[in-house]
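K.L.:
I'll drop the sequence and a predicted model, then ask my questions.
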Amino acid sequence: MSLEPMDNMEEFEQQLRTALVRQAAPEGLKQRILEARARRRASVGSPQSVWMRMAAGLLLAAVVGGGVLWKRHQEEQRGEAAREQVITALRVTNRALDNVEIKLAAHDTRDGEQEQRRTR
């Protein structure tokens with residue numbers, strides 16, 4: 001039996017212990033972390049600027065929504081106006097047809113009277 005695998009294991013454990021020895025933090029690490037945090041906070045902005053952005057977004061949504069509603073309202077008004085025009089045109093046509101029907105009836109009545117006179 002060979003002792004070689006055991007020697008390799010001991011060597012690996014020694015390398016592992018050496019790698020895991022506690023070391024002091026690099027100089028200025030704390031300062032770099034604090035500066036990075038400050039930069040992140042500055043890029044996001046103050047709580048006041050966050051509220052301002054949210055308010056601007058809500059205002060934009062309200063303006064866009066209002067525009068959509070206004071356009072829909074205008075389309076409904078145009079549709080209603082077109083409907084009224086069609087109804088008026090149908091009334092005018094109906095009156096004209098009634099007048100034609102009255103004239104035809106009068107004409108038929110005269111023709112009937114003339115025919116009765118001839119047959120007498």
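P.N.:
Yes, it's here. Numbers count the residues shown, from 1 in each chain.
K.L.:
where are the low-confidence patches of this protein?
P.N.:
1-6, 44-45, 120 (pLDDT under 70).
K.L.:
identify the single longest helix in this structure, thanks.
P.N.:
Determined from DSSP state H, the single longest helix within the chain is helix 47-119.
K.L.:
what about residue 56, neighbour count?
P.N.:
Counted with other CB atoms under 10 Å, the neighbours of residue 56 add up to 10. Using the backbone N, CA and C atoms, a C-beta is placed for each residue, glycine as well.
K.L.:
distance of it from residue 50?
P.N.:
Distance, residue 56 to residue 50, by CB to CB, to the nearest Å: 11 Å.
K.L.:
same question, residue 108
P.N.:
Going from residue 108 to residue 50 by CB to CB gives 86 Å.
K.L.:
one more: residue 99?
P.N.:
As judged by CB to CB, residue 99 and residue 50 stand 74 Å apart.
K.L.:
now do residue 58
P.N.:
According to CB to CB, residue 58 stands 13 Å off from residue 50.
K.L.:
what's the answer for residue 29, then?
P.N.:
For residue 29, the distance to residue 50 - CB to CB - is 29 Å.
K.L.:
do residue 40 as well
P.N.:
For residue 40 relative to residue 50 (CB to CB), the value is 13 Å.
K.L.:
residue 28 too?
P.N.:
Residue 28 is 31 Å from residue 50, by CB to CB.
K.L.:
residue 57 too?
P.N.:
The spacing between residue 57 and residue 50, counted by CB to CB, is 11 Å.
K.L.:
now residue 80
P.N.:
45 Å.
K.L.:
same question for residue 62.
P.N.:
Applying CB to CB to residue 62 and residue 50 gives a distance of 19 Å.
K.L.:
try residue 67
P.N.:
Residue 67 is 26 Å from residue 50, by CB to CB.
K.L.:
same check on residue 8?
P.N.:
Residue 8 sits 58 Å away from residue 50, going by CB to CB.
K.L.:
one more: residue 110?
P.N.:
Distance, residue 110 to residue 50, by CB to CB: 90 Å.
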